[in-house]
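Asks: have a look; sequence and predicted model below, questions after that.
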Amino acid sequence: MADAVIEVKDLKREYVSTKGLFQRSKRVVKAVDGVSFCVNRGEIFGLLGQNGAGKTTTVKMLTTLLAPTAGVCRVLGHDCFGEEKHIRSRINFIFGGEFGVYRRLSARDNLRYFAHLYLLDRKVSEVRIEELLALTDLADRADDLAETYSKGMIQRLQIARGLINDPEILFMDEPTVGLDPVGARMLRDIIRRLKEQGRTVLLTTHYLKEAEELCDHMVIVNHGRVAVAGTPAEIRGHHGSLEDAYLALVGGEEDASADD
Amino acid sequence: MLRLMTETAKLQMKQSFARPMFRFCLIANPFLNTILLYEMFLGAGEEDFFSYVVLGAGLMGLWSCICFSSAGDINRERYMGTLALVFAAPSSFQAVIYGKIIGNTLLSLFSFVVSLLTAALLFRVPVTVHAPGFFAVAFLAAVVSFIAISSVIACLLTLSRKTELYMNLLELPLALLCGFVFPVEMLPKPLQLCSALLSPTHAARLLRMSVTASPDRALFLRELAVLCVLTLLYLSGAVLLYKRIDKRVRIRATLDVA
């Protein structure tokens, strides 16, 4: 427990929505319903589960974007709600898909702006931006507007953005969604390199092979609760593959309707 | 913080000008409004073209740009997925929002140039500022007051996902209530009370006073004092609101649409 950088204990998050003008009815959706896990420094940790299982909600609480309804949610020893000032400069996050970049700016301008947001020194950030553009293979198109980029290029720009502050912990929510095989391989290599540098990565993904290949530990969540936790080998157990184990745990069920 | 605000203002100007809707609000809107207002004032036998046509169209253009940018940007960023990234960065979210508003407001001032050029070149409206000193003070006070009211609106809109609805609701009623194109004294008394509480009403009055032949110094200073008090109230309100929304947005989950 000494080197645990993420502590989640009996974490809950409810979404409340109201309907109707005069006779208002309240609907409560339990997106996360008592999840517990710990992530140690320097490990790659997988958070797996069906759509609507509560993965993204958990990541949002850990990245200080959402307030927990109940439970413990600590990153680097600080509460994610109330002590976020001590966390934000030391973490970063990447959400999958084509969002999270300014499309009317070039890759270089996007990275420059996020460097300002992370209060980086100008000289340091210029060097870092060049490194990240090279790392994500965007150097040739660095000055073109992001709106002219392919889906994969936008995702690579997201990766560069997520690394701009050299974070101690990187949260990645389905980062390989829509990436071509070359882009996905590049991302996996970046994740491995981060691990070599002692960084911690929390990863959510639907690609079980990817999770098995990368993760040191993982939890599978189902309907907002932890269904199983352990190393990929422990979870695989007597099943032929992680996919078989996963299907045995959550398979055959319809996608949950709650917000993920 | 100042560097962040400057960089955000520069980024905002770049981004806003790249949007066709913003260019419409900035260039076409004051141009068309100047023509429309000129014809209306001409038809009504009014001759105070500079005060109501040029300044009126300029103020309407400025307000439209503010409504559809400073306010609308919150929603745009929400849908682009960048609002959450900006919010979760270690820098001050408030500084980012102010940077955006300042960038937009400065760029939106170009609508005055458009209405001025349209009136001068198309209709030969005499463009004479009789008291440049008064005008400079009035203009500066007006810009600061627009930044203050935008910050309150932007702050409130962070809490809601119905931003587009609200910004459409705000645009025209506020232009009418604040008397951009006619004296607020023409409005029913209860509405005049609302007008008095809105800082753009006093900004518009100050601007008009400053372009008249001989502005009443005492009246000008009184109006300026009211504008300053309202602006300070708005800014204080915005600071308090920002402190509140920092927690509310995370409880209500309004930072993104996912």
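Replies: Great, that's in hand.

Asks: what is the burial count for the residue of the stretch 1-150 of chain A found nearest chain B?
Replies: Chain B sits closest to A:Phe99 of the stretch 1-150 of chain A, with a gap of 2.8 Å, by C-beta to the nearest C-beta. Where you see a C-beta, it was placed from the backbone N, CA and C, and this is true even at glycine. The local packing of A:Phe99 (other C-beta atoms under 10 Å in any protein chain shown) involves 19 other residues.

Asks: show the average pLDDT along stretch B:54-68.
Replies: For stretch B:54-68, the mean per-residue pLDDT is 85.

Asks: return the distance of that stretch from the chain's centre.
Replies: 7 Å (C-alpha atoms, centre = their mean, to the nearest Å).

Asks: any stretches of the chain with poor pLDDT?
Replies: Using chain A here. Low-confidence segments of chain A (pLDDT under 70): A:1-2, A:21, A:252-260.

Asks: switch to chain B, please.
Replies: In chain B (pLDDT under 70), the answer is B:70-71, B:160-163, B:255-258.

Asks: which parts of the stretch 1-150 of chain A sit against chain B?
Replies: Contacts of the stretch 1-150 of chain A with chain B, taken as C-beta under 8 Å from any C-beta of the partner chain, map to A:15, A:56, A:60, A:63-67, A:81, A:84-85, A:88-89, A:93, A:95, A:97, A:99-105, A:109, A:112-114, A:116-119.

Asks: list buried residues within these.
Replies: For the residues of the stretch 1-150 of chain A next to chain B, a neighbour count by 16 or more other C-beta atoms under 10 Å in any protein chain shown gives the buried set as A:15, A:56, A:60, A:63-67, A:84, A:88-89, A:93, A:95, A:97, A:99-105, A:109, A:112-114, A:116-119.

Asks: A:Ala142 and A:Arg199, how far apart?
Replies: 24 Å (C-beta to C-beta, to the nearest Å).

Asks: that older thread, neighbours of the residue lying closest to the residue of the stretch 1-150 of chain A closest to chain B once chain neighbours are set aside, how many?
Replies: Nearest non-adjacent residue to A:Phe99, counting by C-beta to C-beta, 6 or more residues apart in numbering or on different chains: B:Gly81, 2.8 Å away. Look at B:Gly81: counted by other C-beta under 10 Å, it has 19 neighbours.

Asks: what's the distance between B:Gly81 and B:Leu107?
Replies: Counting by C-beta to C-beta, the gap from B:Gly81 to B:Leu107 is 24 Å.

Asks: same check on A:Arg193?
Replies: Taken as C-beta to C-beta, the span from A:Arg193 to B:Leu107 is 42 Å.

Asks: looking at the two, which is more packed in?
Replies: B:Leu107 (20 against 11).

Asks: what comes up buried for the one helix or strand the more buried one maps to?
Replies: For B:Leu107, the host element (DSSP states H and E) is helix B:93-108. By neighbour count with 16+ other C-beta under 10 Å, helix B:93-108 contains the buried residues B:93-105, B:107-108.

Asks: wait, isn't B:Ile149 in contact with B:His202?
Replies: No. Contact criterion C-beta atoms under 8 Å: B:Ile149 and B:His202 do not qualify, at 11.2 Å.

Asks: those two: who's more crowded?
Replies: B:His202 (29 against 26).

Asks: show me the contacts for that one.
Replies: B:145, B:223-224, B:226-227, B:230 (C-beta atoms under 8 Å, 6 or more residues apart in numbering or on different chains).

Asks: with distance to chain A and neighbour count added, can I get the residues you listed in JSON lines?
Replies: Below are the contacts of B:His202 laid out as JSON lines (distance: C-beta to the nearest C-beta, whole Å; neighbours: other C-beta atoms under 10 Å in any protein chain shown):
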{"residue": "B:Ser145", "distance to chain A": "28", "neighbour count": "25"}
{"residue": "B:Glu223", "distance to chain A": "38", "neighbour count": "21"}
{"residue": "B:Leu224", "distance to chain A": "35", "neighbour count": "19"}
{"residue": "B:Val226", "distance to chain A": "37", "neighbour count": "16"}
{"residue": "B:Leu227", "distance to chain A": "32", "neighbour count": "24"}
{"residue": "B:Leu230", "distance to chain A": "32", "neighbour count": "21"}
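
Asks: who's in contact with whichever residue of the stretch 101-250 of chain B sits closest to chain A?
Replies: Here the stretch 101-250 of chain B gets closest to chain A at one residue, B:Arg250, 4.2 Å apart by C-beta to the nearest C-beta. Neighbour list for B:Arg250: A:64-67, A:81 [criterion: C-beta under 8 Å, 6+ apart].

Asks: do A:Lys209 as well
Replies: Here A:Lys209 is in contact with A:242-243 (criterion: C-beta under 8 Å, 6+ apart).

Asks: separation between it and B:Leu36?
Replies: 64 Å.

Asks: try A:Tyr102
Replies: Separation of A:Tyr102 from B:Leu36 (C-beta to C-beta): 35 Å.

Asks: could you do B:Leu193 as well?
Replies: From B:Leu193 to B:Leu36 the distance is 28 Å (C-beta to C-beta).

Asks: mind listing the helices in chain B by residue range?
Replies: With DSSP state H as the definition, chain B shows helices at residue ranges B:2-17, B:20-23, B:29-43, B:55-65, B:72-80, B:82-87, B:93-108, B:110-123, B:132-158, B:163-177, B:189-197, B:199-211, B:217-252.

Asks: turn the ones you listed into TSV, columns for distance to A:Asp244.
Replies: Below are the helices of chain B laid out as TSV (distance: least, C-beta to C-beta, whole Å):
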stretch	distance to A:Asp244
helix B:2-17	49
helix B:20-23	52
helix B:29-43	62
helix B:55-65	58
helix B:72-80	39
helix B:82-87	36
helix B:93-108	46
helix B:110-123	64
helix B:132-158	46
helix B:163-177	46
helix B:189-197	67
helix B:199-211	66
helix B:217-252	39
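
Asks: point out the most buried one among these.
Replies: helix B:55-65 (a mean of 27; mean count of other C-beta atoms under 10 Å in any protein chain shown).

Asks: contacts for that one?
Replies: B:16, B:22, B:25-26, B:29-30, B:33-34, B:37, B:104-105, B:107-109, B:111-112, B:114-116, B:118-119, B:146, B:171, B:174-175, B:178, B:180-181, B:200, B:203-204, B:207-208, B:211.
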